[in-house]
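> Return a 3D structure for these sequence lines:
(chains A and B)
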Protein chains: 2
Amino acid sequence: MEAETPAGAPARAAAATQHNKGTPRPGDGGRVEAIALGGIPEIAPGDDLAAFIGDALEATPGILPLRDDDVLVVTQKVVSKAEGAVVDLDTVVPRPEAVSFADRWDRDPRQVEIVLREARRVVRMERGVIITETEHGFVCANGGVDASNVGPGSGQIVTLLPHDPDASARTIRTAVRERFGIDVPVIVSDSFGRPWRWGITDVAIGVSGLIPIEDLRGVADADGRVMKSTIRASADEIASAAELALGKAAGRPVALVRGAQPLLGDGSIRDALMPPEFDLFA
Amino acid sequence: MEAETPAGAPARAAAATQHNKGTPRPGDGGRVEAIALGGIPEIAPGDDLAAFIGDALEATPGILPLRDDDVLVVTQKVVSKAEGAVVDLDTVVPRPEAVSFADRWDRDPRQVEIVLREARRVVRMERGVIITETEHGFVCANGGVDASNVGPGSGQIVTLLPHDPDASARTIRTAVRERFGIDVPVIVSDSFGRPWRWGITDVAIGVSGLIPIEDLRGVADADGRVMKSTIRASADEIASAAELALGKAAGRPVALVRGAQPLLGDGSIRDALMPPEFDLFA
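The predicted structure follows:
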């Protein structure tokens, strides 16, 4: 079918892609591998995460030399911790709205308070769930505020999303390029739920060196028919592939994905976000 | 944070998982590979798709012997074509509602008619986009009706979703087990959009031999803290990893994903679908 996004919207997504002049990678992409990196220790605020990632690239068998079809996927929690995007719940005084919601739904009112502080807009706040739009434009449960796997002080400390996840990705990309002499695109990923289906999948929340969506409109499909509306969320699929290798509970925060074919270029995660005026579920 | 799904909902998802008695796979899942199978020809109604897949497993280097950590991902379109779930647009007389919507938004009224026929419920129908709930319970654009890559007659023929995608997966799984002597779980996948983000990612629409979601609540995370609300959409992530290897326009409809760690067991895609009464975006 022709339309998967509201009228007017595809042109905008196309413009984002055009603007970024993404470059297709060579090769046919028929094999894609995700490899969890070993040896990354618990990260604390101020740690040089990129240096730890470089060490892990060296320590993990089969990774070096880096290839020009590699993408590095770094999960949000270690990025937030390294950048100090954490809050000690003891410092939080919840507003009355947070207290009443938390009381009703058996949640921690301080966590609810932080979610509301991080929100540009509350999309839904009912039945114990808070869906917000963050300052970055992400619509997700709890504004990306996360209490699991936060290391010492667990239960007491929550992580926020990085302030500028594209910049977080760029910092790691630059450090890897300087150390290994090859330009590897970087995705910062996080686990988001979706309407209508149970469960979370990993998606991109920051990128550097690639275009997060790939506009295939105008590309002929296998029948020579022009595919009118297909926009492929490449970065999100790469994040999901990485998550399969990382697992949820294994303390492995970084994966290398080898052989994927995202468009290379100067992309931003903003290219992947649908503005509320085009969204049917705002 | 604790809640990503409405109050009452997690218990239901947990019940689905418990009911299915999923079995964790051995190994740590640190490496996951997706390999596109070669040599699958254009599929026509009545074709023995499972036999073609078996041939492709034999023809693709590095696939055999099959392993006990393999999952086969088969895209919807070849399944629908083999099962004859196709409609010739020339046979379709659109209802007035379809004609007026199509006129307004520059769409084919016959395609709109088919989308409405396939719908159990229209979730949104505005700005050129139709989001429906299908008879299976999938909420997606155009009810999964698809006009791209449908082979000879392209532009004239559309595919519908398979009538029972779990059964489609089971048929392929059984044939592979009989031919190769190893039980490989099968996912039937399709490309769905999501609210709030541009682009499509591949998700599971039918499964056999695995549980599509993995309930990690009660599992300790790396800090020993119990993760209260994490439900991992493993089958959807496996479908996305497969899509990275298949690409959108390359005429490769089947991939093997090796090394992923879904729960094995007698799952159904229904386990992954959130009933409208729990959904905040129904």
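> what's the distance between residue A:95 and chain B?
17 Å (C-beta to the nearest C-beta, to the nearest Å). In this view, the C-beta of every residue, glycine as well, is placed from N, C-alpha and C.
> Looking at the backbone only, give me phi and psi for that residue.
Dihedral pair for residue A:95: phi -70, psi 160, per degrees, to the nearest 10.
> what sits against it?
A:113, A:116 (C-beta atoms under 8 Å, 6 or more residues apart in numbering or on different chains).
> Same question for the one 3 residues further on.
For residue A:98, the contact set (C-beta under 8 Å, 6+ apart) comprises A:109-110, A:112-113, A:116.
> Tell me which residues touch residue A:177, please.
Counting by C-beta under 8 Å, 6+ apart, residue A:177 has contacts A:183-184.
> in the helix or strand it falls within, what counts as buried?
Taking DSSP states H and E as the criterion, residue A:177 maps to helix A:165-180. Using 16 or more other C-beta atoms under 10 Å in any protein chain shown as the test for burial, helix A:165-180 gives A:165-166, A:168-173, A:175-176, A:179-180.
> Next secondary structure after the helix or strand containing residue A:114?
Element membership for residue A:114, per DSSP H and E: helix A:109-117. Downstream of helix A:109-117, the first helix or strand assigned by DSSP H and E is strand A:119-126.
> What average pLDDT does the next helix or strand after that next one get?
Following strand A:119-126 in sequence order, the next helix or strand is strand A:129-134 (DSSP H and E). For strand A:129-134, mean pLDDT rounds to 96.
> same question, stretch A:33-41
95.
> wait, does it contact chain B?
Yes: interface with chain B: stretch A:33-41 contributes A:33-36, A:38 (C-beta under 8 Å from any C-beta of the partner chain).
> by contact count, what packs against the helix holding residue A:114?
Applying 3 or more C-beta pairs under 8 Å, 6 or more residues apart in numbering or on different chains; DSSP states H and E, one finds that helix A:109-117 contacts helix A:96-105, strand A:129-134.
> Point out the most buried one among those.
With neighbours defined as mean count of other C-beta atoms under 10 Å in any protein chain shown, the helices and strands packed on helix A:109-117 peak in mean count at strand A:129-134, which reaches a mean of 23.
> circling back: from the residues of stretch A:33-41 next to chain B, which is closest to residue A:105?
residue A:36 (34.9 Å; C-beta to C-beta).
> can you pull up the bridge partners for the closest one?
With DSSP bridges as the criterion, residue A:36 is bridged to residue A:255.
> Report how many residues lie close to it.
25 (other C-beta atoms under 10 Å in any protein chain shown).
> Against residue A:242, how distant is it?
According to C-beta to C-beta, to the nearest Å, residue A:36 stands 8 Å off from residue A:242.
> residues in contact with the closest residue to residue A:82 other than its chain neighbours?
Nearest residue to residue A:82, sequence neighbours excluded (C-beta to C-beta, 6 or more residues apart in numbering or on different chains): residue A:49, at 3.9 Å. Going by C-beta under 8 Å, 6+ apart, residue A:49 touches A:43, A:74, A:78-79, A:82, A:172.
> Now, of these, which are buried?
The buried subset of these (16+ other C-beta under 10 Å) comprises A:43, A:74, A:78-79, A:82, A:172.
> Can you give me the pLDDT of the closest residue to chain B within the stretch 51-200 of chain A?
Residue nearest to chain B within the stretch 51-200 of chain A (C-beta to the nearest C-beta): residue A:199, separated by 3.2 Å. The model reports residue A:199 with a pLDDT of 94.
> ok, now residue A:44?
Predicted confidence (pLDDT) for residue A:44: 94.
> quick one on the thing from earlier: could I have the helix holding residue A:177 exported to PDB, CA atoms only?
Provided in PDB are the C-alpha atoms of helix A:165-180 (Å, rounded to 0.1, in the frame of the first residue of the first chain):
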ATOM      1  CA  PRO A 165      22.600  11.400  22.600                       C
ATOM      2  CA  ASP A 166      23.900  12.400  19.100                       C
ATOM      3  CA  ALA A 167      26.800  14.200  20.800                       C
ATOM      4  CA  SER A 168      27.400  11.200  23.100                       C
ATOM      5  CA  ALA A 169      27.600   9.000  20.000                       C
ATOM      6  CA  ARG A 170      29.900  11.500  18.200                       C
ATOM      7  CA  THR A 171      32.300  11.500  21.200                       C
ATOM      8  CA  ILE A 172      32.700   7.800  21.100                       C
ATOM      9  CA  ARG A 173      33.000   7.700  17.300                       C
ATOM     10  CA  THR A 174      35.800  10.300  17.400                       C
ATOM     11  CA  ALA A 175      37.700   8.400  20.000                       C
ATOM     12  CA  VAL A 176      37.400   5.200  18.200                       C
ATOM     13  CA  ARG A 177      38.600   6.800  14.900                       C
ATOM     14  CA  GLU A 178      41.600   8.400  16.700                       C
ATOM     15  CA  ARG A 179      42.600   5.200  18.300                       C
ATOM     16  CA  PHE A 180      42.000   2.700  15.500                       C
END
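> Which helix or which strand is home to residue A:93?
Element membership for residue A:93, per DSSP H and E: none, as it lies in no helix or strand.
> whoops, I mixed them up, residue A:266
Assigned by DSSP H and E, residue A:266 belongs to neither a helix nor a strand.
> Please report how far it lies from chain B.
Distance, residue A:266 to chain B, using C-beta to the nearest C-beta: 17 Å.
> OK, contacts around residue A:115?
Taking C-beta under 8 Å, 6+ apart, we find residue A:115 in contact with A:130, A:132, A:142-143, A:145, B:1.
> Most widely separated two among those?
Maximum pairwise distance among the contacts of residue A:115 (C-beta to C-beta): 11.2 Å, between A:132 and B:1.
> which neighbours do the two share?
Common contacts of residue A:132 and residue B:1 (C-beta under 8 Å, 6+ apart): A:115, A:142.
> Mind listing the residues bridging to the residue nearest to residue A:267 when sequence neighbours are not counted?
Counting by C-beta to C-beta, 6+ apart, residue A:267 lies nearest to residue A:211, which is 3.8 Å off, once chain neighbours are set aside. In this entry, residue A:211 is beta-bridged to residue A:263, by DSSP bridges.
> Can you report how many residues neighbour residue A:211?
26.
> Please report how far it lies from chain B.
When distance is defined by C-beta to the nearest C-beta, residue A:211 is 11 Å away from chain B.
> That residue contacts residue A:270, doesn't it?
No: using C-beta atoms under 8 Å, residue A:211 makes no contact with residue A:270, being 11.3 Å away.
> about what we covered before: tell me the gap between the helix holding residue A:177 and the middle of its chain.
Taking C-alpha atoms, centre = their mean, to the nearest Å, one finds helix A:165-180 lying 15 Å from the centre of the chain it belongs to.
> Stretch A:73-80 now?
The answer for stretch A:73-80 is 8 Å, by C-alpha atoms, centre = their mean.
> Any part of that stretch near chain B?
No: using C-beta under 8 Å from any C-beta, stretch A:73-80 never reaches chain B; the gap is at least 9.9 Å.
> what is the mean pLDDT for that stretch?
97.
> In CSV, list the C-alpha atoms belonging to that stretch.
Coordinates of the C-alpha atoms in stretch A:73-80 are reproduced here as CSV (Å, rounded to 0.1, in the frame of the first residue of the first chain):
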residue,chain,number,x,y,z
VAL,A,73,26.0,0.1,19.5
VAL,A,74,26.3,1.5,23.0
THR,A,75,23.4,1.2,25.4
GLN,A,76,22.0,4.2,27.1
LYS,A,77,22.7,3.3,30.7
VAL,A,78,26.5,3.3,30.5
VAL,A,79,26.4,6.6,28.5
SER,A,80,24.2,8.2,31.1
